[in-house]
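**Q** Can you look at this prediction? I've put the sequence above it.
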Amino acid sequence: MKRLWHGLIPAFFAALLCQSANAERIKDIANIDGIRTNQLIGYGIVVGLDGTGDTSPLTNQGLANLMGNLGMVNGQNLATKNAASVMVTAQLAPFVKPGQNIDVTVSSLGGAKSLRGGTLLMTPLKGADGQIYAMAQGNLLVGGVGAAAGGSSTQVNHLSVGRVPAGATVERAVPTRVGQGDFIHLELKEMDFTTASRVTDVISRQFGRGVAVPLDARVIQVKAPVEIGQRIAFLSQLENLNLNPGTPTPKVIINARTGSVVMNQLVELEKCAIAHGNLSVVINSEPQVSQPNALSGGQTAVTQKVDIQVKSDKGELSVVPAAASLNDVVKALNSVGASPQDLLAILQAMKAAGALKADLEII
């Protein structure tokens, strides 16, 4: 009997640790309907640049309007390389109140070489409804650096985008309602019937049967207290409930522009054979000039001598074994000896042949 207990206790704790390691809070996998961020945008002018601004008509017009609003003579030619036109963007988080600060991103609009060292002048930030929700102003932080002299230049990172931490003051709040009437709606970040069912079960065990009802694979309707104080306390308990969500979908993400390939840990391979070779076409064109003799009355003729070469690298047939873990999948693909760019074509062909057990998403 002692041996039996000694064998069961480690197994019990191992299962408990495995379950807690896979558990997630409801707040990590779902959002509450109505609680969202809002995008803000505005046009502004950055000044104080060290000759790296732009002299576009847009900047000249913006400076002229600014000087007119400040009581200066309007309509003068204010072309200067110490100023630049920019677009200012920000995200207005939910429940942010007037007087609080938010970060802003400043991006060059008129072809400025660098925004480093510049100061953003007062810029109104508007929402999708055209109303002003914040005012931005402050010194820019640019992560790049560059220098140029005598026709030579060097640059590190990006110079035409900067940030102003806490650079905008909120002037108008966005009304945010935490649910309507007797109900709130939880929206899963990823559509999954299993996860929706498990979220419903864990809420029902905590607050009683019938409190949560799944409407579809993404939305769960939850009955909540009407009084605002009780509702906030209820939501605090709700979002911290733990559960084991459904297994995510095996997925391979391919970026065709950069050649990047990213896959999650659930990707599997069936045994298959792969032969991949590179095909290159080289075309050389050389002009041939035929010059007539003097006083012959002929005309100079120009023809093109074209040399076309088609080369194909030898691709041997390689057997890729079945792989059930991410490490095995990586080893199997590396055994083919293909470059990341070649993997784009190989993975698509493997998916078509049914050997790749994952969703293929090209971005």
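**A** Yep, it's here.

**Q** contacts and neighbour counts: CA atoms only from here.
**A** Will do.

**Q** contacting residues for V174?
**A** With CA atoms under 8 Å, 6 or more residues apart in numbering as the criterion, the residues that contact V174 are 94-96.

**Q** what about stretch 236-256, how long is it end to end?
**A** End-to-end distance for stretch 236-256: 43 Å, by CA to CA, to the nearest Å.

**Q** Kindly provide the whole-number mean pLDDT of that stretch.
**A** The pLDDT scores in stretch 236-256 average 86.

**Q** can you start the count at 52 instead of 1 from here on
**A** I'll keep to 52 as the first residue from here, and by that count the last item is stretch 287-307.

**Q** Now it: buried residues?
**A** 289-290, 292-296, 301-305 (16 or more other CA atoms under 10 Å).

**Q** ok, those residues vs N152, which is closest?
**A** N152 lies nearest to E290 out of the buried residues of stretch 287-307, by CA to CA, at 26.7 Å.

**Q** that older thread, how about JSON lines for the contacts of V225, with distance to A135 and secondary structure added?
**A** Converted to JSON lines, the contacts of V225 look like this (distance: CA to CA, whole Å; DSSP: H, G, I helix; E, B strand; the rest coil):
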{"residue": "P145", "distance to A135": "32", "secondary structure": "coil"}
{"residue": "F146", "distance to A135": "33", "secondary structure": "coil"}
{"residue": "V147", "distance to A135": "30", "secondary structure": "coil"}
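
**Q** re the thing from before, strands - which of the buried residues of stretch 287-307 land there?
**A** Mapping these onto strands (DSSP state E) picks out 293-294, 302-305.

**Q** Helices along this protein, start to end?
**A** In the chain, helices defined by DSSP state H lie at 53-73, 77-80, 108-120, 244-258, 279-290, 377-386, 391-404, listed in chain order.

**Q** what's the closest of these to V212?
**A** Each of the helices of the chain has some distance to V212 by CA to CA; the shortest is helix 108-120, at 16.8 Å.

**Q** Just the C-alphas of the closest one, formatted as CSV.
**A** In CSV, the C-alpha atoms belonging to helix 108-120 read as follows (Å, rounded to 0.1, in the frame of the first residue of the first chain):
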residue,chain,number,x,y,z
PRO,A,108,4.4,73.6,-50.4
LEU,A,109,2.5,71.8,-47.6
THR,A,110,5.1,72.9,-45.0
ASN,A,111,5.2,76.4,-46.3
GLN,A,112,1.4,76.7,-46.2
GLY,A,113,1.3,75.3,-42.7
LEU,A,114,3.9,77.7,-41.4
ALA,A,115,2.1,80.6,-43.1
ASN,A,116,-1.2,79.7,-41.4
LEU,A,117,0.6,79.3,-38.1
MET,A,118,2.2,82.7,-38.3
GLY,A,119,-1.1,84.2,-39.2
ASN,A,120,-2.8,82.6,-36.2
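
**Q** Only the buried residues of it, if you could.
**A** Within helix 108-120, the residues that qualify as buried are 110-116, 118, counting by 16+ other CA under 10 Å.

**Q** Which strands and helices lie in contact with it?
**A** Here helix 108-120 touches strand 89-98, strand 134-143, going by 3 or more CA pairs under 8 Å, 6 or more residues apart in numbering; DSSP states H and E.

**Q** Please identify the most buried of those.
**A** Highest mean neighbour count among these (mean count of other CA atoms under 10 Å): strand 134-143, with a mean of 24.

**Q** The protein - how does it break down into domains?
**A** 89-193+207-221, 228-294, 302-343+350-413 (automatic domain parsing).

**Q** ranking these by mean pLDDT, which is last?
**A** domain 302-343+350-413 - the lowest mean pLDDT of the domains of the chain, at a mean of 74.

**Q** measure that one end to end?
**A** 11 Å.

**Q** measure R228 to I86 for me?
**A** Applying CA to CA, the value for R228 to I86 is 7 Å.

**Q** do P301 as well
**A** Here the criterion is CA to CA. By it, P301 lies 30 Å from I86.

**Q** on that earlier part again, Throw the domains of the chain into TSV and include distance to A81, thanks.
**A** As requested, those are exported to TSV (distance: least, CA to CA, whole Å):
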stretch	distance to A81
domain 89-193+207-221	16
domain 228-294	4
domain 302-343+350-413	20
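
**Q** looking at those, which is closest to K78?
**A** Using CA to CA, the nearest of these to K78 is domain 228-294, at 4.7 Å.

**Q** circling back: mind putting the helices of the chain in TSV, distance to V264 included?
**A** Formatted as TSV, those follow (distance: least, CA to CA, whole Å):
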stretch	distance to V264
helix 53-73	24
helix 77-80	15
helix 108-120	55
helix 244-258	6
helix 279-290	14
helix 377-386	36
helix 391-404	37
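
**Q** Out of those helices, flag the one nearest S211.
**A** Among the helices of the chain, the nearest to S211 by CA to CA is helix 108-120 (15.3 Å).

**Q** Now do the closest one against strand 134-143, angle only.
**A** 80 degrees (axes from the mean of the first three to the mean of the last three CA atoms, to 10 degrees).

**Q** just how off-centre is helix 108-120 within its chain?
**A** Centroid displacement of helix 108-120 relative to its chain, using CA atoms, centre = their mean, to the nearest Å, is 34 Å.

**Q** can you check stretch 173-180 too?
**A** Relative to the centre of its chain, stretch 173-180 is centred 23 Å away, using CA atoms, centre = their mean.

**Q** Go through that stretch and flag the buried ones.
**A** By 16+ other CA under 10 Å, the buried positions in stretch 173-180 come out as 173-178.

**Q** Adding distance to I397, write these out as TSV.
**A** Shown next, in TSV, are the buried residues of stretch 173-180 (distance: CA to CA, whole Å):
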residue	distance to I397
M173	53
T174	50
P175	50
L176	47
K177	47
G178	45
